[in-house]
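*Asks:* give me the fold of what follows.
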Amino acid sequence: MSQVEILEQTVKKLSSSELAAFRSWFVEFDADEWDRQIERDSESGKLDRLAQSAIEEHKTGKSKRI
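*Replies:* Residues are numbered from 1 along each chain as shown. Reported below is the predicted structural model:
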């Protein structure tokens, strides 16, 4: 059995309050991981092409104020 399958079985056994606490923890954990991934991608240059494209579109009037 994989670790994911073990986690799935464990999560299924949580009480309502434990599940709520887990869900809250996981949402924060996942958001932090997403931020770390964006930071790594930015530092490695993976986002440079997207940023340059957005700047060019803005310069040609294809963006609008939000």
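
*Asks:* if we ignore the residues flanking it in sequence, what's nearest residue 63?
*Replies:* The shortest distance from residue 63 to any non-neighbouring residue, by CB to CB, 6 or more residues apart in numbering, is to residue 57 (5.9 Å). Bear in mind the C-beta positions are built from the backbone N, C-alpha and C, glycine included.

*Asks:* list the contacts of whatever helix or strand that neighbour lives in.
*Replies:* Here residue 57, judged by DSSP states H and E, is contained in helix 48-59. Here helix 48-59 makes contact (CB atoms under 8 Å, 6 or more residues apart in numbering) with residue 63.

*Asks:* give me the neighbour count for the residue nearest to residue 63.
*Replies:* Close neighbours of residue 57, defined as other CB atoms under 10 Å, add up to 11.

*Asks:* again, but for the one 4 residues further on
*Replies:* Using other CB under 10 Å, residue 61 is surrounded by 7 other residues.

*Asks:* separation between the residue of the chain most remote from its centre and residue 49?
*Replies:* For the chain, the largest distance from the centre (CA atoms, centre = their mean) belongs to residue 60, which lies 30.4 Å off. Here residue 60 is placed at a distance of 17 Å from residue 49 (CB to CB, to the nearest Å).

*Asks:* repeat that for residue 17.
*Replies:* Per CB to CB, residue 17 is found 46 Å from residue 49.

*Asks:* need phi/psi at residue 15.
*Replies:* Main-chain torsions, residue 15, degrees, to the nearest 10: phi -70, psi 170.

*Asks:* how close does it sit to residue 21?
*Replies:* 9 Å.

*Asks:* and the two? which has more neighbours close in?
*Replies:* Taking neighbours as other CB under 10 Å, residue 15 and residue 21 compare with residue 21 leading, 12 against 8.

*Asks:* give me the three-state assignment for that one.
*Replies:* With DSSP: H, G, I helix; E, B strand; the rest coil as the basis, the three-state label of residue 21 is helix.

*Asks:* check the offset of the helix or strand of the chain with the lowest mean pLDDT from the chain's centre.
*Replies:* Across the helices and strands of the chain, mean pLDDT, DSSP states H and E gives its lowest value to helix 48-59, namely a mean of 94. Put simply, helix 48-59 sits 22 Å off its chain's centre (CA atoms, centre = their mean, to the nearest Å).

*Asks:* lovely, talk soon.
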